[in-house]
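1. A structural model of the following input is requested.
(one chain, ligands or ions: 1)
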Amino acid sequence: SKTPVRVTVTGAAGQIGYSLLFRIASGEMLGKDQPVILQLLDLPQAQKAVKGVIMELEDCAFPLLAGVIATDDPNVAFKDTNVALLVGARPRGPGMERKDLLTENAKIFTVQGAAIGQYADPDVKVLVVGNPCNTNAYIAKETAKKFGRVKEGNFTAMLRLDHNRALSQLAAKSGRSVDSLKSLVVWGNHSPTMYADYRFVTSNGDNVKALINDEAWNRDTFLPTVGKRGAAIIEARGLSSAASAANAAIDHIRDWVLGSNGEWVTMGIPSDGSYGIPEGIVFGVPVITANGEYKRVEGLEIDAFSAERIALTLKELEEERAGVADLLA
Ligand code: NDP
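-> This next block holds a predicted model:
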């Protein structure tokens, strides 16, 4: 049988962690023949809750679960890890400014970036879920870089939930099944400024934008619905989305590791300068994945409306980057 893959999950005692760990252990992320070892990180005060989750993992008797460790030490959690899901982050508290949130999280992701940079498997695939996820991924990448072991491109951020939310809205509006929809892109930051771009989407050979044929729907309904979906779920459920976030994290890593079969998926990846995105910024773009690597879809036409939306989400990311610059100096 295969050598177990080490998977680190931070914020393991949290809501998303609770929806994520059981699916990883059952083989939904890395394959039904791939044993996994879970390396769970959380804060000291959350260790008791992590123990409880581990008891439940044991009680599932998952055949693929080859081991579990729990720790509050990032250097232990990231040791030799092959896949790292950075879920734990400081939530916005009452009266907390955006700047404070950025700074508090910058501290967490510098520590974790340093641990990954020194102790993880050099080919580790990192996905940041904890918000602000693009900038947290940027911080971890910039810190890890100093150790010269892990490629910058291995640090990614989760835009897949926005992608999946957009797919569902498009399916409902067009009357086509979700799995028939190909070539959606979500550009930019995982925030309400993200730009879900349906211009290239096809369903069984038909262009879905032409099929919907309603420009006002795009601007007034589709983009706001996808952009504000997180807030709508908090309003309805009284808690933030967790199962759908965990599901998107699984989709992101599964496609990166096992391939997307030629289809486009959205990943937040460090820019190489394409599409006018400054190099190094972690930005949602379309990619095709194969053999454990992602490749950007290049050369897409950017029309005036798209250019405007991409500039808006880029501006937000540049401001976030400026807000943490002194911490990375
Ligand atoms: P959740 O598990 O609900 O969320 C964790 C993070 O994921 C938050 O930053 C959240 O952002 C983000 N996120 C990304 N996408 C989504 C989405 N679509 N919907 C909801 N959240 C999303 O938080 P909990 O408070 O339940 O758990 C956090 C855990 O992390 C706790 O156990 C805490 O102890 C731990 N933690 C660990 C740290 C560490 O290991 N060093 C540091 C800080 C916390 P948003 O806040 O915007 O919803």
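
2. would you tell me which strand is longest in the chain?
-> strand 282-290 (DSSP state E).

3. any part of that strand near the ligand?
-> No. Using Cβ under 6 Å from any ligand atom, we find that strand 282-290 stays clear of the ligand, coming within 13.0 Å at best. For the C-beta atoms, the positions are set from N, CA and C on the backbone; glycine is no exception.

4. what's the following helix or strand after that strand?
-> strand 293-296 (DSSP states H and E).

5. check which helices and strands the very next helix or strand once past that next one sits against.
-> As assigned by DSSP H and E, the chain's next helix or strand after strand 293-296 is helix 304-328. Counting contacts by 3 or more Cβ pairs under 8 Å, 6 or more residues apart in numbering; DSSP states H and E, helix 304-328 packs against helix 98-119, helix 133-145, strand 185-187, strand 195-197, strand 282-290.

6. buried ones in stretch 133-147?
-> 133-145, 147 (16 or more other Cβ atoms under 10 Å).

7. restrict the residues you listed to those near the ligand?
-> residue 133.

8. just give me the closest of the buried residues of stretch 133-147 to the ligand.
-> Closest to the ligand out of those is residue 133 (5.9 Å), distances taken as Cβ to the nearest ligand atom.

9. so what's the residue count around the nearest residue to the closest one once chain neighbours are set aside?
-> Nearest residue to residue 133 in three dimensions, chain neighbours excluded: residue 157, at 4.4 Å (Cβ to Cβ, 6 or more residues apart in numbering). Residues near residue 157, counting by other Cβ atoms under 10 Å, number 31.

10. report pLDDT for residue 157.
-> Note on residue 157: pLDDT of 98.

11. any idea how far it lies from residue 248?
-> Between residue 157 and residue 248 the computed distance is 11 Å (Cβ to Cβ, to the nearest Å).

12. what ranges does the protein have for its strands?
-> Using DSSP E, strands in the chain cover 5-10, 36-41, 65-71, 83-86, 125-128, 155-157, 181-182, 185-187, 195-197, 202-203, 206-207, 265-270, 282-290, 293-296.

13. now what about the second one, what contacts it?
-> With Cβ atoms under 8 Å, 6 or more residues apart in numbering as the test, strand 36-41 has contacts from 4-12, 17, 21, 24-25, 27, 30, 50, 53-54, 57, 64-74, 76-79, 81, 88.

14. kindly calculate the angle that it makes with strand 5-10.
-> Strand 36-41 and strand 5-10 are oriented at 20 degrees to each other (axes from the mean of the first three to the mean of the last three Cα atoms, to 10 degrees).

15. is the ligand contacted by strand 36-41?
-> Yes. Counting by Cβ under 6 Å from any ligand atom, contacts between strand 36-41 and the ligand involve residue 41.

16. sheet partners, orientation included, of that strand?
-> Strand pairing for strand 36-41, determined by DSSP bridges: strand 5-10 (parallel), strand 65-71 (parallel).

17. now do the contacts for the residue nearest to residue 133.
-> Residue 157 sits next to 127, 128, 133, 134, 136, 137, 190, 267, 268, 269, 282, 284 when contact means Cβ under 8 Å, 6+ apart.

18. tally of neighbours for the closest residue to residue 51 other than its chain neighbours?
-> Nearest residue to residue 51, sequence neighbours excluded (Cβ to Cβ, 6+ apart): residue 70, at 6.6 Å. As a burial measure, residue 70 scores 21 neighbours (other Cβ under 10 Å).

19. and residue 165, which of the helices and strands packed on helix 304-328 is closest to it?
-> For the helices and strands packed on helix 304-328, proximity to residue 165 was assessed by Cβ to Cβ; strand 195-197 is nearest, at 7.9 Å.
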